[in-house]
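Enquirer: Below are the sequence and a predicted model for it; my questions follow.
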Amino acid sequence: MPGSTIIVTRDQTVFEGALGRLRPHSHGSLAILIGLEERFEVTTRGQVKHGRVAVIPASVRHGLDFHDRRVLVCYAEPHVPGYAGLHRRAMGECRVLPDLDGDVAAALRVWSDEGQLEAVWRWAHDRFGDGNAALDPRIVALAARFNEDDLLDAPTEILARQIGLSTSRFIHLFTSELGAGVRRVKQYYRFKLAVHSVAAGGSLTTAAHHAGFADSGHFSRAFLDTFGLSPASVLLRTEDYRLNR
């Protein structure tokens, strides 16, 4: 999108730019949304909430309308400090804050001036998180390895064997700890690979194959179901990519 930025690192994926109405969708990771110009709408379970900040847990289906205004969207990785606290406190519910307070405004100035999001994450954890929460370290370490792409194609039974669990026990533990199933979480990391491919000049078809999708149609459907808009409307129109794996 003109004037938009996408940042992909080992710890997070970030989008900043103007967005309109997004179809109902659900993420494979916890997300923080901040309206940089005005309130936006979050629709979930038949209820509409208006706010400047929202914490959206993994797998919670929701619709969004940003009214073509600029927004900061931050997807965190389970291994990032503070993820556990935000995930546990959310309890599968969207948390919406009507207005920006002074602390988040200060954190956004750091983002604007220095391109650093640590202050935003600290604010979000202090405002919405649980400082005593933790996730199973085996599941967190396994998910972090998806960044290296060495386990993205591994069958679930192989993943279970990596941490010494039966397949059924692993599936249950993985989903209860991260709030999303193995396929959904893997998709999140596959989309990161797709971003790298497009940023390097690849087509959506090339990106789809690079990320392990069967074809561009499968990739587009999965992207729409995850983010509420087509990959072409974002990936092919973003001007500023900042990538650091």
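Expert: Cool, got the structure. Note that this is a predicted model, so its numbers are computed, not measured. Numbers count the residues shown, from 1 in each chain.

Enquirer: pLDDT value on the spatially most central residue of the chain, please?
Expert: Closest to where the C-alpha atoms of the chain average out (Cα atoms, centre = their mean) is Tyr75, at 3.0 Å. We have a pLDDT of 94 for Tyr75.

Enquirer: and what of Leu236?
Expert: Here, the pLDDT recorded for Leu236 equals 88.

Enquirer: Same check on Arg89?
Expert: On pLDDT, Arg89 comes in at 89.

Enquirer: got the contact list for it?
Expert: For Arg89, the contact set (Cβ atoms under 8 Å, 6 or more residues apart in numbering) comprises Arg95, Phe128, Gly129, Asp130, Ala133. (C-beta placed from N, C-alpha, C; glycine too.)

Enquirer: which one of those residues has the most neighbours?
Expert: Highest neighbour count within these: Gly129, with 22 neighbours (other Cβ atoms under 10 Å).

Enquirer: Would you mind confirming that that one is in contact with Pro81?
Expert: No: no contact is recorded between Gly129 and Pro81 when judged using Cβ atoms under 8 Å, the distance being 10.2 Å.

Enquirer: thinking again about what came up before, ok, which pair from the contacts of Arg89 is furthest apart?
Expert: Spanning the widest gap among these are Arg95 and Ala133, at 14.4 Å by Cβ to Cβ.

Enquirer: Give the intersection of the neighbour lists for Gly129 and Pro81.
Expert: Common contacts of Gly129 and Pro81 (Cβ under 8 Å, 6+ apart): none found.

Enquirer: Please name every helix or strand in contact with the lowest-mean-pLDDT helix or strand in the chain.
Expert: Using mean pLDDT, DSSP states H and E, the weakest-scoring helix or strand in the chain turns out to be strand 240-244, at a mean of 88. Under the contact definition 3 or more Cβ pairs under 8 Å, 6 or more residues apart in numbering; DSSP states H and E, strand 240-244 sits against strand 5-9, helix 182-199.

Enquirer: Just put those in a markdown table and tack on mean pLDDT, mean neighbour count and distance to Leu64.
Expert: Listed next are the helices and strands packed on strand 240-244 as a markdown table, based on pLDDT from 0 to 100; neighbours: other Cβ atoms under 10 Å; distance: least, Cβ to Cβ, whole Å:
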| stretch | mean pLDDT | mean neighbour count | distance to Leu64 |
| --- | --- | --- | --- |
| strand 5-9 | 94 | 19 | 17 |
| helix 182-199 | 94 | 21 | 17 |
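
Enquirer: How many neighbouring residues does the closest residue to Tyr83 other than its chain neighbours have?
Expert: With sequence-adjacent residues excluded and distances taken as Cβ to Cβ, 6 or more residues apart in numbering, Tyr83 is closest to Ala76, at 5.0 Å. Using other Cβ under 10 Å, Ala76 has 23 other residues around it.

Enquirer: repeat for the one 5 residues further on
Expert: Taking other Cβ under 10 Å as the neighbour definition, Pro81 ends up with a count of 12.

Enquirer: That one in helix, strand or coil?
Expert: coil (DSSP: H, G, I helix; E, B strand; the rest coil).
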